[in-house]
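# My questions concern the predicted model and sequence given below.
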Amino acid sequence: MNTTILYYKFYTLEESGELTCDFSGFHSDDINFNTFNTDIQYSWEFTPGSFLSLVWKNDIFTSNPDAYKKFTENLNNTLTASKTNTLSVKILVYLDYLYLQKT
C-alpha cells in the first residue's frame with residue numbers, strides 16, 4: 001500500500017517567529033529516507049571494578065527523491081547501500097590508592 005501526501009502550502013519560519021508562505025520548495029520535498037542500525041556490545045569485568053568494553057556499530061543510511069518505491073525495493077536498496085562500521089574499545093581500570101601506597 002502506497003500513501004501519497006499532497007502538499008498545499010509551504011511555510012518558512014522567520015527569526016521573528018512569524019511564518020511566511022514559500023512556494024520555492026513545491027514538489028521537490030518528496031523524499032525516501034531509510035536507515036538501519038545494528039549495535040553489538042561486549043563487556044568483561046576482568047578484576048573487581050575494572051572493565052573492558054567492545055562496541056561494534058553498523059550504520060546504513062540512504063536518502064533519495066524516489067518516494068514511491070515498494071517495500072521490497074526499499075529494503076533491497078537499504079541493505080545493499082554503503083555501510084559505516086565503527087569499533088570502540090574502552091578499558092576502565094580500578095586502582096586502589098591505599099594498596100598502591102603500601103608498596
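Everything's here; your move. Treat the numbers as computed from the prediction; the structure is a model and nothing was measured.
# what about F33, distance to L79?
Distance of F33 to L79, computed by Cβ to Cβ, to the nearest Å: 15 Å. All C-beta spots, glycine's among them, are computed from the backbone N, C-alpha and C.
# before we move on, what about N85?
Distance of N85 to L79, given as Cβ to Cβ: 15 Å.
# Compare these two and say which one has the larger neighbour count.
Per other Cβ atoms under 10 Å, whichever of N85 and L79 has more neighbours is L79, with 12 against 9.
# just checking, that one touches N58?
No: L79 is beyond contact range of N58, at 11.1 Å (criterion: Cβ atoms under 8 Å).
# quick one: common contacting residues for those two?
In terms of Cβ atoms under 8 Å, 6 or more residues apart in numbering, L79 and N58 are not both contacted by any residue.
# CA atoms of the worst-scoring helix or strand of the chain on mean pLDDT as CSV?
Ranked by mean pLDDT, DSSP states H and E, the weakest helix or strand in the chain is helix 97-102, scoring a mean of 80. Output of helix 97-102 as CSV, limited to C-alpha atoms (Å, rounded to 0.1, in the frame of the first residue of the first chain):
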residue,chain,number,x,y,z
TYR,A,97,45.2,4.0,46.0
LEU,A,98,45.6,2.6,49.5
TYR,A,99,47.0,-0.7,48.2
LEU,A,100,49.4,1.2,45.9
GLN,A,101,50.5,3.5,48.7
LYS,A,102,51.7,0.4,50.8
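# That helix: how far from the chain's middle?
In terms of Cα atoms, centre = their mean, to the nearest Å, the centre of helix 97-102 is found 44 Å from the chain centre.
# Tell me, what's the model's pLDDT at Y7?
Listed pLDDT for Y7 reads 69.
# no, scratch that, I was asking about T84
What the model reports as pLDDT for T84 is 94.
# Wait, a strand at V55?
Yes: according to DSSP: H, G, I helix; E, B strand; the rest coil, V55 belongs to a strand.
# That one pairs with what?
Beta-bridge pairing for V55 (DSSP bridges): Q41, S88.
# what are the ranges of the helices in the protein?
Per DSSP state H, the chain carries helices over the ranges 71-79, 97-102.
# okay, the ones you listed, which one's buried deepest?
Greatest average neighbour count among those goes to helix 71-79 (a mean of 13), per mean count of other Cβ atoms under 10 Å.
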